[in-house]
Each structure stands twice: as structure tokens, then as C-alpha cells.
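Q: turn this into a model:
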Amino acid sequence: MAKILIIDDEPFLREMLNDILNLAGYDVITAVNGKDGLNKIFSESPDIVLLDCSMPEMDGYEVLTQLRKEPKFMNLPVIMLTAISGESEEIKGFSLGLDDYITKPFKSAVLLARVRTILERKKLSVDANPLTSLAGNAAIKAEAEKRLQLGKQFALLYIDISNFKSYNDKYGFQRGDDVIKFTADCLLSAIKTDCNEEDFVGHIGGDDFVMITSTKKAETFARKFIDKFDAGITGFYDENDKRNGYIMSVDRQFNKINFPIMTVSVAIISTETSNLTHFADISKRAAELKAVAKRNEKSSYVFERRK
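A: Alright, predicted model coming up:
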């Protein structure tokens, strides 16, 4: 059952939309203004948003602008509800990343058809990781291939957590999942202050992540991410292990070993300094470079300089 968020300052319209969507079997939540709507997007993670165009203080366009600055919600479908019909308004909305317009008054059958179509398209186009809600493998590959085909210069950051398996083995999958979500939050936080349409964050799976950005911002983002991760990771350990600086666990051969506190390794591949034409080339180079970064006992990043 898809979750739909209605953001509208008119009580009558909110109730009407709520009734239509509930009868169609959707899980509906509502927000009374733009600020409330943004808060509920973060707290509720809806599958689609129905957004009123004209609201006091923060109108629909401002809500959409703020929403698209967040990598986690860059692909969240949004339908704008508007009483204003005009080419300039539609162009403005679509330029901000709007998915569709519905002009008031509207027929419930048309509304439901558009919601259903967009949700079906979302299922096909976005393979979000269920744990972090970040784009998955197919979306990561498509994003990189698209930029390569368009000849855009970019940097890809391949992120891996060292000593994660030993942590997972000792503390369990639930606490391991908390570390994965924390890592995703660190990545999103690292780019939040300087995020635009060229920035992309994906979750390959397990403890492997990807960030795509411009070459000039890559090292800055890597440093910010590492600082945030290192500042918070010890909070996931019990006091005794935190004090020791390691945990006792077993390796793949079942030998008892002391594993240090988790760190992160970041491999940075740039199309400006490397001759890359396919995503497979990037993946191979990133894996090789990640192995180099993991030789460092502390969190670190390595930037490939070769052609």
C-alpha cells in the first residue's frame, strides 16, 4: 500500500483528497502548510506527494525547491495541484523537478490514474535500497552511464566500511543496520550544504556506497564524510570495546582476532584524470583504488591521478 502525502492549506480540499485516496486503498497522511509538509516528508518518507501550488509563507514551488536539494528525495514523485493554468507556470514547475500538474477542479478518476501511473513508473525506474532509501545498483549504473554518454565530467566516490563484518558478527544485524544507516546519513550530511543537481548518492548494498559529484568538490566531500563518520562511529560500540579501541571476533578462518574500531575507505575516480568510457571501467578502477585506501589503518581517501 503506497503512502501519499497531501500538502494543502485548504481543509476542505485535504479532506476531499483524503477520502478519494483512502477509498482507492492508499495510506494517506496530510500536512497543513509547506513547512509542515517538508517535516512530514522527512519523518514519514511518503511514496508520492500531492502539493498545493498556492500556500501562504512557503508556496508549492519553494517546497519543491527545498525538497530537490535533498539527495534522499531527489527522485520522490511530486504532483502539483494548481488553480492557475499557464505555460509559464508549468515550465517553472517542471524545471524544478515536478512530475505532473493537475489543475483544479479535477475529476477523481483522473487524479487516481495519474497517481497510479507515476507510482508504477517509480517502481520501474528506482531500485532504492530498502534500508537507506538511497538509489540502488541499477540507478547508480544508469546515472554514471548517462553522464558518460553526455560527455559530462564527474568524479565517482566508492565508499567502503572497514571491519564492518566483525562488528556485525559480534553485535548482530540490527546494530549493523544502524551503522549502515548512520553511514548513509554521514554521506548525505557531507554534501547537504553544497548540493545541486550534479550530486548523487547511492547504496550498492551491504557496506558499499557511491557518491557522484564534480571533480572539484570530490575531495571536500570525502573529507567532510570521513570527519562525520569518525566523529560518530564510536557511539555504536559498548563502553568496554570503545575504551579498548577494538572488539574480539573471528576472521573467515575462525581465528580469534582483535578488530579495530570501524573506519571508512574512499576511492575517488575522475573522468577528468582517467580515460573512462564505460561504467565497468569505473567499477574496476574504483575497486582497485579502494584496496589501496584500505591499507591505511585510519579512515582515508585516495584520488586516482593516472590517465
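
Q: worst-scoring helix or strand of the chain, pLDDT-wise?
A: One helix or strand of the chain scores below all others by mean pLDDT, DSSP states H and E: helix 87-95, with a mean of 80.

Q: now do that one: which elements does it pack against?
A: helix 60-67 (3 or more Cβ pairs under 8 Å, 6 or more residues apart in numbering; DSSP states H and E). All C-beta atoms are positioned from the backbone trio N, CA, C, and that covers glycine.

Q: so A222 sits against L156, correct?
A: No - contact criterion Cβ atoms under 8 Å: A222 and L156 do not qualify, at 11.5 Å.

Q: mutual contacts of those two, please.
A: I268 (Cβ atoms under 8 Å, 6 or more residues apart in numbering).

Q: re the thing from before, show me which residues of the least confident helix or strand of the chain are buried.
A: 89-90, 93 (16 or more other Cβ atoms under 10 Å).

Q: can you list contacts of that helix?
A: Counting by Cβ under 8 Å, 6+ apart, 53, 61, 64, 80, 82, 101 sit against helix 87-95.

Q: find the nearest non-adjacent residue to A2, please.
A: Using Cβ to Cβ, 6 or more residues apart in numbering and skipping the chain neighbours, the partner closest in space to A2 is D47 (4.3 Å).

Q: contact partners for K284?
A: Per Cβ under 8 Å, 6+ apart, neighbours of K284: none.

Q: do you know the pLDDT at it?
A: At K284, the predicted lDDT confidence score is 88.

Q: distance check, it against L156.
A: As for K284, its distance to L156 is 12 Å (criterion: Cβ to Cβ, to the nearest Å).

Q: same thing with K216?
A: For K216 relative to L156 (Cβ to Cβ), the value is 14 Å.

Q: between these two, tell me which one has more neighbours.
A: L156 (27 against 11; other Cβ atoms under 10 Å).

Q: the protein: helices as residue ranges?
A: 11-23, 34-44, 60-67, 87-95, 108-125, 137-150, 164-171, 173-192, 215-232, 239-244, 279-293 (DSSP state H).
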